[in-house]
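Asks: Please find the sequence and the predicted model below.
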Amino acid sequence: MKRLAFAAAALALSAVAAFADPVEGLWKTEPGDDGAYAHVVIRPCGANICGVIARGFDAGGTEIQSKNIGARMIWDMSADGGGSYSGGKIWAPDRDKVYRSKMELSGNSLKVSGCVGPICRGQNWVRVQ
């Protein structure tokens, strides 16, 4: 009986892992205006995709204890299929602005872009793990 319960649990966990969104993981941002960059953990939050700042680094690559660690950076991002995500928001700590955003996943590269009114910007993030 224990073996059957264990097998059922293992099957359920493998099914969840099989349906993990390919954008999930740890991503390195491009440096902001101040040269600092972050590692962002991207994961599901309900039916959407969210990201939280996990680590911060100064322009020289030294890890810093930033006040932004743990801050929500991405929210309400919907998977559109084929590596495309839209309808979300991304907060840019270097400018303290929230952008209406979209993302495009291509292998271990994630293009994030967004606009605040007529002002748009984008970055290419690299998968850390």
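Replies: Cool, the structure landed. Fair warning: this is a prediction, and the values are worked out from it, not measured in the lab.
Asks: what about the closest residue to Arg127 other than its chain neighbours, distance to Asn68?
Replies: With Cβ to Cβ, 6 or more residues apart in numbering as the criterion, Arg127 has its nearest non-adjacent residue at 3.9 Å, and that residue is Asn108. Yep, even glycine has a C-beta here, placed from its N, CA and C like the rest. As for Asn108, its distance to Asn68 is 24 Å (criterion: Cβ to Cβ, to the nearest Å).
Asks: neighbour count winner among those two?
Replies: Per other Cβ atoms under 10 Å, whichever of Asn108 and Asn68 has more neighbours is Asn68, with 17 against 12.
Asks: can you pull out the helices in the protein?
Replies: Counting by DSSP state H, the chain has helices at residues 2-18.
Asks: residue nearest the centroid of it?
Replies: Centrality entry for the chain: nearest residue to the mean C-alpha point is Ile42, 3.2 Å, by Cα atoms, centre = their mean.
Asks: what bridges to that one?
Replies: Counting by DSSP bridges, Ile42 is bridged to Gly25, Gly51.
Asks: residues contacting it?
Replies: 23-27, 49-51, 74 (Cβ atoms under 8 Å, 6 or more residues apart in numbering).
Asks: When you filter these down to buried only, what's left?
Replies: Neighbour counting over the contacts of Ile42 (16 or more other Cβ atoms under 10 Å) leaves 23, 25, 27, 49-51, 74 as the buried ones.
Asks: If Ser84 is in a bridge, with which residues?
Replies: Beta-bridge partners, per DSSP bridges, of Ser84: Gly81, Glu104.
Asks: With that, I have no additional questions.
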